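Colleague: starting from these lines, generate the structure:
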Amino acid sequence: MSHTPPVFDAVIIGAGAAGLFCAAQAGQRGLKVLLIDHAEKVAEKIRISGGGRCNFTNRDLDPAAPHKHFVGQNPQFCRSALSRYTPADFVALVQKHGIAFHEKHKGQLFADRSAEDIIAMLLAECAAGQVTHWQPCAVKNIVFSAPGADPSSAYSYQIDTDRGLVRARSLVVATGGLSIPKIGATDFGYRLAQQFNIPLIERRPGLVPMTFDGALWAPYAQLAGLALPVQISTGSKKNRMVFDEDLLFTHRGLSGPAVLQISSYWQEGTPLAINLAPTVDLPAALAQGKARSRKLIANELATLVPSRLADAWAQREPDWQRPINEASDKALARLAEQLARWELTPTGTEGYKKAEVTLGGVDTRVLSQQTMECKTQPGLYFIGEVVDVTGWLGGYNFQWAWASAAACAQALPPADH
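Modeller: Below is the predicted model:
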C-alpha cells in the first residue's frame with residue numbers, strides 16, 4: 001500500500017520574520033500551513049537584532065514613497081504591500097500581546113525587554129493559526145507538477161524533506177539572504193529561484209562595516225572604539241546619498257549607523273566623504289582659537305571634536321603640530337577643510353559575516369506586487385529578504401518582512417478552489 005504524503009494548502013520555507021508572520025496570518029485565515037526551517041532555533045536574526053531588543057519597525061516609513069527608505073532595482077515595488085500592512089498595524093499587534101516598547105530615535109521602535117518577546121508573539125500567532133512547524137528540518141528536493149483535469153492534482157508542489165514527503169498547492173520562500181551565515185543563512189532561496197528559471201539581481205552585503213587598506217588605515221587604527229556624530233555621503237549629483245548618523249572607528253575600518261547606512265549605496269572604487277564636525281563652523285572656530293589661545297592646535301581642536309580624533313588629526317601634518325596662534329591661516333583653513341570633507345575610498349566591506357542584510361535577490365519584475373506570487377511560476381511566492389528589496393537601518397527591513405508576508409498570506413488560495 002503506497003503511503004500518501006500529507007497535503008497542505010501552503011508550505012512556507014524559512015521560519016524567520018517573514019516566514020513566521022506569513023504562516024501565522026495564513027493559518028488564521030483557515031489555511032492548513034506547514035512551516036519548515038533547517039536551523040535548530042527559530043528566528044535567530046530577530047533574536048540578535050537591535051542589540052537583542054529587536055528594532056521591529058519604523059514609524060517614519062512612508063508607504064507612498066518607498067524609494068526614500070528602500071534600495072533595489074525597483075523600490076516602488078514594495079509600495080502596495082507596505083501601504084496595506086503598515087508600521088501602525090504591527091504596533092497594534094505588539095500592543096495586543098502586551099509587549100512594552102520604546103522609540104529610540106528617528107522613528108525606530110524597540111522592544112523594552114527583549115527580542116524574545118517578539119519571537120514569542122510570532123510563535124503564539126502561529127499557534128493561533130494551528131500552523132504545523134517542522135524544525136530543524138531540511139528540504140532536499142522540490143518538484144512541481146502543473147495541475148491537470150483531475151482536481152486532486154491541484155497539489156502542485158511535492159517537497160521532499162528530512163521528515164518525509166509533503167504536497168502543497170502553494171510554496172512560499174522566506175529563506176532570507178546570505179547575511180550572517182553563522183546563524184544559519186544560506187543561498188537556498190536563490191538556488192530555488194534558479195531551479196524555476198527566476199531571474200536574480202546580483203547579491204552583495206548590505207548594512208555592513210567598511211574596510212580600508214592596512215597601510216592607509218594605520219594612522220587611524222588607534223581610534224578603534226571612538227564614536228562621533230558625522231555627516232557621510234557617497235555618489236554624485238542626483239545619485240548622491242547623505243546620512244547624518246554616528247560613525248564608529250574599528251581596527252580595520254569604519255562602522256556605526258552612518259557607515260552601515262551608506263554601505264547600501266556605496267559602489268566599489270568610489271570614495272566616501274565624511275564631515276567629522278557637521279554641527280561646527282570649523283573655519284570660524286579655528287580663527288577664533290588663533291586670536292585668543294596659545295594652546296597646541298590639537299588641544300584647541302579637542303574642544304570641537306573628540307580629543308583622540310583631534311590628536312590623530314594633528315599628527316597628519318607638521319603645520320598642525322604647533323600652538324594655534326603660530327599657525328598660518330592657510331594651514332588652519334586646510335585643517336578645517338579636511339575635517340569637514342575627509343575623503344577616503346574603502347577597499348571593501350566586512351562581508352556577509354557582519355552584514356545585517358543582503359542587497360539584491362529575486363528580481364521584483366517577475367513577482368506580483370499585490371501577492372508576491374511569481375508571474376512565471378504559479379503557486380510560488382517569495383517574501384522578505386530573499387527579494388530584491390532592502391531597507392535602511394532602523395526597522396525598515398522588518399517592516400518589509402511583515403508587509404510582504406501579510407500580502408502573500410492574504411493571497412494564498414485554500415485548496416478547495
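
Colleague: correct me if wrong, but Arg365 is in a helix.
Modeller: Yes - with DSSP: H, G, I helix; E, B strand; the rest coil as the criterion, Arg365 is located in a helix.

Colleague: now the strands for the stretch 151-300 of the chain?
Modeller: Using DSSP state E, counting those that start in this stretch, the strands of the stretch 151-300 of the chain run over 157-161, 164-173, 200-206, 210-211, 227-234, 241-249, 253-255, 272-275.

Colleague: can you add mean pLDDT and mean neighbour count and give those back as TSV?
Modeller: C-betas here are computed from N, CA, C, even on glycine. Formatted as TSV, the strands of the stretch 151-300 of the chain follow (pLDDT from 0 to 100; neighbours: other C-beta atoms under 10 Å):
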stretch	mean pLDDT	mean neighbour count
strand 157-161	97	18
strand 164-173	96	23
strand 200-206	97	19
strand 210-211	98	21
strand 227-234	98	19
strand 241-249	97	18
strand 253-255	98	24
strand 272-275	98	20
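
Colleague: can you list those in CSV and add distance to Asp281?
Modeller: CSV is the format used below for the strands of the stretch 151-300 of the chain (distance: least, C-beta to C-beta, whole Å):
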stretch, distance to Asp281
strand 157-161, 63
strand 164-173, 52
strand 200-206, 34
strand 210-211, 28
strand 227-234, 14
strand 241-249, 16
strand 253-255, 25
strand 272-275, 12
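
Colleague: these: which one's closest to Arg47?
Modeller: With C-beta to C-beta as the criterion, Arg47 lies closest to strand 200-206 of the strands of the stretch 151-300 of the chain, at 19.9 Å.

Colleague: report the buried residues of stretch 18-35.
Modeller: Residues of stretch 18-35 classed as buried by neighbour count (16 or more other C-beta atoms under 10 Å): 18-28, 31-35.

Colleague: again with stretch 355-370
Modeller: Applying 16+ other C-beta under 10 Å to stretch 355-370 flags 355-364, 366-369 as buried.

Colleague: got it, and stretch 210-229?
Modeller: Met210, Thr211, Phe212, Trp217, Tyr220, Leu223, Leu226, Leu228, Pro229.

Colleague: related to what we said a few turns ago, so which of the strands of the stretch 151-300 of the chain comes closest to Lys295?
Modeller: Closest to Lys295 of the strands of the stretch 151-300 of the chain is strand 227-234 (C-beta to C-beta; 20.9 Å).

Colleague: residues in contact with the helix or strand hosting Leu332?
Modeller: Per DSSP states H and E: Leu332 is located in helix 329-340. Contacts with helix 329-340, where a contact means C-beta atoms under 8 Å, 6 or more residues apart in numbering, come from 275-277, 282-283, 286-287, 290, 297, 301, 305, 313, 316-317, 319-320, 324.

Colleague: now the end-to-end length of stretch 213-227.
Modeller: End-to-end distance of stretch 213-227: 21 Å, with C-alpha to C-alpha, to the nearest Å as the criterion.
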